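A.B. asks: Below is the sequence, then the predicted model.
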Amino acid sequence: MSGRAPAREAGLQPAHRAELDRFADALWLEHGLARNTLAGYRSDLARFAAWLETRAQRLPAAAGADLAAYLAEFSRAAKPASQRRLIAAWRRYYRLLLANREIAEDPTLAIDTPRAAERFPKTLSEPQVEALLAAPALDTPQGLRDRCMLEVLYAAGLRVSELVGLKIFAVGVNEGVVRVMGKGSKERLVPLGEIAADWLQRYLAEARPVLLAGRSCDEIFVTRLGAAMSRQMFWRLIKHYALAAGIAPERISPHTLRHAFATHLLNHGADLRVVQLLLGHADISTTQIYTHVARERLKQLHARHHPRA
């Protein structure tokens, strides 16, 4: 379920809270959007609804002029990305009303979406990745677990939530694949590769039973208390190992290895559509941010090796 009204919506009129419930439920049921996306859209609409209430106005009846006036106020302190999300929430909401014939025209038609600044992901070179993977000490169960987590994260290009959420039944070590539950509850199969599969097999045989100490846990990666590894804990671990590998901790996060996975695949000739499938991106445009990094790498190779560069 999409969830009911958060505490911050308590001051809204009951009709507006019911409208937000209806909108969130429709998005969840019809489009299967990720929980965080739903929460963001709902939060944006709730703030807009509160602003409308000060003007004795309601969400369904808002006109293009109301949206423009609110956007003018909102944009003074909001970044372009926040403005784009607000406009996306509006478009989904008012197009839902239009489809249900509850309004005669879409008030968002006259609203221009702020242009996205070109953004390029932070990534690591292949030698940096090798140094990071080699950073954990292997003489403890925790170190073996950490090495395995880093190997799987880089080999499969997972999001950190997907990594820590991996279940025992979702991994085929012999087949060398993992079944990943991604954003919007969309499942995908991702190859592990021989090296990551070997580390996973070793972790499952040598380290995980010691960490569990007879306790049970569905998740593959566990702490010394026998509980599932959290995103926050793994975030701290990767910063620690970055420092040990000589990489500035502020340059790295669990997502950096996902970026490295995509970039290195493209550098070695992978097709962009294949990378899209492996990453679980719904839209190819999301994957295209990596082509800039790959192009820069090709330029460097050309400059280094071509006789007339």
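C.D. replies: The structure has been received and is ready for your questions. Numbers count the residues shown, from 1 in each chain.

A.B. asks: what comes up buried for stretch 129-142?
C.D. replies: For stretch 129-142, a neighbour-count test (16 or more other Cβ atoms under 10 Å) marks 129, 131-133, 135-136, 141-142 as buried. In short, each C-beta sits where N, CA and C put it, glycine included.

A.B. asks: Arrange the residues you listed in TSV, one row each, with distance to Lys167 as further columns.
C.D. replies: Converted to TSV, the buried residues of stretch 129-142 look like this (distance: Cβ to Cβ, whole Å):
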residue	distance to Lys167
Val129	26
Ala131	30
Leu132	25
Leu133	24
Ala135	27
Pro136	23
Pro141	20
Gln142	21
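
A.B. asks: Which of these lies at the shortest distance from Ala244?
C.D. replies: Of all the buried residues of stretch 129-142, Ala244 sits closest to Ala135, with 4.4 Å by Cβ to Cβ.

A.B. asks: What strand or helix carries the residue nearest to the closest one when sequence neighbours are not counted?
C.D. replies: Counting by Cβ to Cβ, 6 or more residues apart in numbering, Ala135 lies nearest to Tyr241, which is 3.9 Å off, once chain neighbours are set aside. Using DSSP states H and E, Tyr241 sits in helix 231-244.

A.B. asks: Run through who's touching that helix.
C.D. replies: For helix 231-244, the surrounding residues in contact (Cβ atoms under 8 Å, 6 or more residues apart in numbering) are 132, 135-136, 146, 149-150, 160-161, 163-164, 221, 223, 248-249, 251-254, 257.

A.B. asks: same check, this time on stretch 215-227
C.D. replies: 141-142, 145, 148-149, 163-169, 171, 200, 204, 208, 211-213, 228-229, 233-234.

A.B. asks: can you check stretch 249-263 too?
C.D. replies: 121-124, 129, 132, 150, 153-160, 163, 231, 234-235, 238-239, 242-243, 275, 278-279, 287, 290, 293-294, 297.

A.B. asks: and what of stretch 167-187?
C.D. replies: Outside stretch 167-187, the residues that touch it by Cβ under 8 Å, 6+ apart are 31-34, 37, 152, 156, 158-159, 162, 165-166, 188-194, 197, 200-201, 204, 218-220, 280, 282.

A.B. asks: Quick check: mean pLDDT of it?
C.D. replies: Regarding stretch 167-187, the rounded mean pLDDT is 81.

A.B. asks: Of all the residues in that stretch, which ones are buried?
C.D. replies: Residues 170-171, 176-178, 180-183 are the ones in stretch 167-187 that count as buried (16+ other Cβ under 10 Å).

A.B. asks: Let's see which of the residues you listed end up in strands.
C.D. replies: Of the positions in the buried residues of stretch 167-187, 171, 177-178, 180-181 sit in strands, assigned by DSSP state E.

A.B. asks: Could you single out the nearest of the residues you listed to Ala88?
C.D. replies: For these, the nearest to Ala88 is Met181 (23.9 Å; Cβ to Cβ).

A.B. asks: need the contact list for Trp51.
C.D. replies: 70, 73 are the contacts of Trp51 under Cβ under 8 Å, 6+ apart.

A.B. asks: isn't there a helix covering it?
C.D. replies: Yes: assessed by DSSP: H, G, I helix; E, B strand; the rest coil, Trp51 belongs to a helix.

A.B. asks: and it, what pLDDT?
C.D. replies: Looking at Trp51, its pLDDT reads 94.

A.B. asks: Also the one 4 residues further on?
C.D. replies: Note on Arg55: pLDDT of 92.

A.B. asks: Same question for Glu19.
C.D. replies: We have a pLDDT of 89 for Glu19.

A.B. asks: So which other helices or strands are in contact with the helix or strand hosting Tyr93?
C.D. replies: Assessed by DSSP H and E, Tyr93 sits inside helix 80-99. Contacts defined by 3 or more Cβ pairs under 8 Å, 6 or more residues apart in numbering; DSSP states H and E place helix 80-99 against helix 14-31, helix 35-53, helix 64-74.

A.B. asks: contact partners of it?
C.D. replies: Residues contacting helix 80-99 (Cβ under 8 Å, 6+ apart): 23, 26-27, 40-42, 44-45, 48, 59-60, 67, 71, 74-75, 78, 103, 105-108, 111, 113-117.
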